[in-house]
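J.: Make a model of this:
(2 chains)
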Number of protein chains: 2
Amino acid sequence: MRKERLLLAVTLIAIFSADLYFILLPKLRNVEGLGQFCSCRRGNFSFPAQFSNWTSVPLQDVYASGLPNEGSKLDSLFAHPLYNIQNPTLEAEEKLLQVDLLMNYYRKKISRWERHMKLYNEAASTSNITMTQHRVDFDVGANWLKFHTGISRHALYSRHDPAITRLLADMRDMMVVNADYTQDEKALKGACDCSQVVKPSGHHLKLALKMQNFGKAMFKPMRQERDEETPDDVFFFVDVQRHNAEIAAFHLDRILDFRRVPPVVGRYLNLTGEVLQVTQNDDLRAVFFTSPANNTCFFSKCLYTCKTEYAVCGHPDLLEGSLSAYLPSLSIAPRISIPNPWIRSYTFTGQEEWQVNPSYCDNIKKLYPYNSGNRLLNIIDMAVFDFLIGNMDRHHYEIFTKFGDEGFPLHLDNARGFGKHSQDEMSILAPLSQCCIIKRSTLLRLQLLAQPQFRLSDMMRESLQKDPLRPILTETHLSALDRRLVKILRAVQRCTRKLGSEQVIANDFIGATVNPRANAESKKAR
Amino acid sequence: MRKERLLLAVTLIAIFSADLYFILLPKLRNVEGLGQFCSCRRGNFSFPAQFSNWTSVPLQDVYASGLPNEGSKLDSLFAHPLYNIQNPTLEAEEKLLQVDLLMNYYRKKISRWERHMKLYNEAASTSNITMTQHRVDFDVGANWLKFHTGISRHALYSRHDPAITRLLADMRDMMVVNADYTQDEKALKGACDCSQVVKPSGHHLKLALKMQNFGKAMFKPMRQERDEETPDDVFFFVDVQRHNAEIAAFHLDRILDFRRVPPVVGRYLNLTGEVLQVTQNDDLRAVFFTSPANNTCFFSKCLYTCKTEYAVCGHPDLLEGSLSAYLPSLSIAPRISIPNPWIRSYTFTGQEEWQVNPSYCDNIKKLYPYNSGNRLLNIIDMAVFDFLIGNMDRHHYEIFTKFGDEGFPLHLDNARGFGKHSQDEMSILAPLSQCCIIKRSTLLRLQLLAQPQFRLSDMMRESLQKDPLRPILTETHLSALDRRLVKILRAVQRCTRKLGSEQVIANDFIGATVNPRANAESKKAR
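T.: As a prediction, the model looks like this:
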């Protein structure tokens, strides 16, 4: 451990010592950088020429601004020009949802819910089920609605959207009016489907919660202590899901400026008051029990018969977990699920082609949809993200159908991240190391986060400090992020040495500002 | 913890301070006690008169002998008169097995095995299965055979039988020539029987091993670290099985002089050389795999499909576990399984009559087979044993059919003991506290083991030190034994205060020396 830390420190100092000279001095002068970056407003800006041979030359002006102020380093990061590249004004078709259609959809849903509640309560009172009844207040200005209407072709939310912070607060504080199994769980219908790919039992303990303002969130209970490391003998696909990994992944995704993880916040849920007494699902009510230590516990239906040791328990009622905001319903914003080309074998012995064929990416590059547009670059962004969190379980990714080939992959379901802090699973980086291509914007941000004043671990520590369940990550996991970041940069460096930076670093800014319709038309023309 | 320890120390000092005076002084004189105890040879000895009001009067001569010598305290214990009460010479029908019949049975089994091996090896070589072939040497003087032929109506083995120590050494060192699922496991046939009483998955990881001299042992793999305590929320019947509990239970049972646990020893098993390469069971071979950390692992068939996270792994091949000697096959020494009258509910909410009705024992005392003979006293012995190890999972007990109502209950399957050192589950003592009856011999030994020079934890520590997997129990578990012993003695004290010692303390020595046939005849006469 100590050796590794020393190595990390030495590497960081070696790579960026030159930068420090150039940054620390102009620090006290003016903030010219921001002005430069404003050129991106014109939709076609370019980075300083020094960038192309970034591996040896200091990044100078690129990092000259966004100085850490006395207060928040994270605020300084988000004030940095790299986090203020402005997208052109969104056209209607670049938004996921049409506001008026969405409002109609939810108004209908709410009246259906109210009718259903009335009937259910009448039925419940005759069958002696005691239920807590909460009023639901639908508000057209609710933060979860603002989150849904804010989803665009570029990201799940815009950088400085105050609705996201407020949505986190809502999920943390708002009264839960209904709890149920999630759709996945309902699809199981309580059966132990042993023929299916083996999944750890913790998988089935998540709950769908409805808030007082009709917002929905998915609850994943705490299954493991913060400092427990996944044992070496555990296969990635049978690892438990960690609520703190869900929370940390949201913060990391935002710090990397991908904004492809729906908002997640930690919360203590009262299993009695906020689940048992508000659920209308008799099956869910049936799996509640009191443990020998007099705690309220529950397991999913499948667990009830097969795997009772997998219950989760409150203390005595309060259970720690993560709450992830729901995306708009599939009926109004359909998504497609696409197998990850770098999928892993979900058997105990299997190997996939990418694991044995070093020129695998050459084939992928020729295949639709990876042969044009940003898809492959987005997959590499996802690999960078997954490598940082140590997630080997990205078998599929989802894309909003509406945006077609120009859509971004959602970074959903990150609960298998942050399992081992002491190990860096290099194979997760295979898309980057095999394809030798990365977005310029991603690379610049990674380089920025490798610098002492914006050190990734510091940014994460500060960001996670805002979560009610803090600390979310142990210091060992935070320092693993810094170590892995250096490894990503080294992987890029190996590529640029081999192929030259022109080949490796893709100028994604131009692509990102093109009108999707124009893009589609240009494709047709080809 | 500290408070409890202090309380324990004070209690021990208070109860036995008087004894100390009377014991320490005569210590240096002569060993008259032994002479007194020899009276039992005459088949009808009685204890010193002081005994009947033991709670206030020092035990004097009873404990005056068996002084701890400079070397082994355990040897001193076993040299104590209480451990040298001689049974009358065993009559033929008091032995479980007839030696000549047994030898014939095993000779036939061995020739069948040799024929089978020959055929299997031919078949294996044609289907490309690499198997290690070991010669089996059947020896009529083998220690496992001596153990089997030594089983009597009184106990599984006699007190100073050297074959038992040698059997432990055999199980520890001898080459394994075959491995297979146990019969329980085979009965499952790989199906996940979810309708059955919920059992933790660890249950299905045990293996039947055949040794080079045709002896058999059951292997239970390590599932939990020594210092891991069972979480408070876990129900007793879903607790994992602990290999060290199996080992410790054998030693404790011997120290309590019950001798109803078959010999158990710890061993590192080579999963590749001693299981995978010697098994003839294709199903077992199929559940072996190599973990991401390159360790050899396996799970049972049922687990393979449902509960993969429940594999056990060697490091890289060696896996720690307990080996319990097999009892003679059910075909030559049938046993019956009888529900424990103090059975617990194996549901999450259920309660049994004994848990709500304080006069439950009055009913039991009237019921066959608890209305005569030693059965109820033996059940109370078992409760004392289970309370000391903290085992709540004694739903059934087994008795050799041959000995009928005069048989002793076997203390099999103790792997759910030693789960919590910090808690004393008083309900396990219900048979004692509700029936207010205990064997004189059991009580005397418990009192002896509560004394400083024969302190139970010291005896156990010394005894367990002989096991190759030492330390078997943590110090916290050892001191829990002392604390629980005091609680048992207090429970007896409450009974004698209420009912008088004549009522509570059963003079079992007379019963134990009666010819079983005579006993049966006297029953008929009634």
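J.: mind listing what the closest residue to A:Cys435 other than its chain neighbours touches?
T.: Leaving out its chain neighbours, the residue that sits closest to A:Cys435 by C-beta to C-beta, 6 or more residues apart in numbering or on different chains is A:Cys361, at 4.0 Å. Every C-beta, even on glycine, is put in place using the N, C-alpha and C of the backbone. Counting by C-beta atoms under 8 Å, 6 or more residues apart in numbering or on different chains, A:Cys361 touches A:Trp354, A:Pro431, A:Gln434, A:Cys435, A:Cys436.
J.: If I look at A:Cys361, what pLDDT would I see?
T.: A:Cys361 is assigned 96 on the pLDDT scale.
J.: doesn't it fall inside a helix?
T.: Yes - checked against DSSP: H, G, I helix; E, B strand; the rest coil, A:Cys361 lies within a helix.
J.: ok, it to chain B distance?
T.: 24 Å (C-beta to the nearest C-beta, to the nearest Å).
J.: Repeat that for A:Pro341.
T.: 22 Å.
J.: secondary structure element for that residue?
T.: Using DSSP states H and E, A:Pro341 sits within no helix or strand.
J.: need the strands for the stretch 51-200 of chain A, in chain order.
T.: Using DSSP state E, counting those that start in this stretch, the strands found in the stretch 51-200 of chain A span residues A:176-181.
J.: So, low pLDDT: which residues of it?
T.: The model of the stretch 51-200 of chain A has pLDDT under 70 over residues A:51-70, A:184-200.
J.: pLDDT score for A:Ser337?
T.: 91.
J.: That one: what secondary structure?
T.: Once three-state DSSP is applied, A:Ser337 turns out strand.
J.: Next secondary structure after whatever helix or strand A:Val486 lives in?
T.: Here A:Val486 sits within helix A:475-499, counting by DSSP H and E. Of the helices and strands lying after helix A:475-499 in sequence (DSSP H and E), the nearest is helix A:501-504.
J.: Give me the helices and strands touching that next one, please.
T.: helix A:475-499 (3 or more C-beta pairs under 8 Å, 6 or more residues apart in numbering or on different chains; DSSP states H and E).
J.: Could you list every helix and strand that the helix it packs on packs against?
T.: If contacts are counted by 3+ C-beta pairs under 8 Å, 6+ apart, helix A:475-499 sits against helix A:2-27, helix A:375-389, helix A:430-435, helix A:440-449, helix A:456-464, helix A:501-504.
J.: Try it again at 7 Å.
T.: helix A:2-27, helix A:375-389, helix A:440-449, helix A:456-464, helix A:501-504 (3 or more C-beta pairs under 7 Å, 6 or more residues apart in numbering or on different chains; DSSP states H and E).
J.: What about A:Glu91, how many residues nearby?
T.: 12 (other C-beta atoms under 10 Å in any protein chain shown).
J.: And it, its phi and psi?
T.: For A:Glu91, the backbone dihedrals (degrees, to the nearest 10) come out as phi -90, psi 160.
J.: For it, give its distance to chain B.
T.: A:Glu91 is 48 Å from chain B, by C-beta to the nearest C-beta.
J.: show me what contacts the residue in the stretch 101-250 of chain A that chain B sits nearest to?
T.: Distance from chain B to each residue of the stretch 101-250 of chain A (C-beta to the nearest C-beta) is smallest for A:Asp232, at 3.4 Å. For A:Asp232, the contacting residues are B:Pro292, B:Ala293, by C-beta atoms under 7 Å, 6 or more residues apart in numbering or on different chains.
J.: Going by neighbour count, list what's buried in stretch A:472-482.
T.: A:Ile472, A:Leu473, A:Thr474, A:His477, A:Leu478, A:Ser479, A:Ala480, A:Leu481, A:Asp482 (16 or more other C-beta atoms under 10 Å in any protein chain shown).
J.: which one of those is nearest B:Asp75?
T.: Closest approach between the buried residues of stretch A:472-482 and B:Asp75, by C-beta to C-beta: A:Thr474, at 50.1 Å.
J.: so that closest one touches A:Asp227, yeah?
T.: Yes - shown here, A:Thr474 and A:Asp227 form a contact pair, counting by C-beta atoms under 7 Å, at 5.4 Å.
J.: re earlier: are we agreed that the residue of the stretch 101-250 of chain A closest to chain B is in a strand?
T.: No - counting by three-state DSSP, A:Asp232 is not part of a strand but coil.
J.: pLDDT value on it, please?
T.: For A:Asp232, pLDDT reads 84.
J.: ok, now the one 3 residues further on?
T.: At A:Phe235, the pLDDT value in this model is 76.
J.: same deal with A:Asp317?
T.: So, for A:Asp317, pLDDT stands at 95.
J.: ok, the closest residue to chain B within the stretch 251-400 of chain A - how many residues close by?
T.: Of the residues in the stretch 251-400 of chain A, the one nearest chain B is A:Ala293, at a distance of 3.4 Å by C-beta to the nearest C-beta. A total of 13 residues lie near A:Ala293 under the criterion other C-beta under 10 Å.
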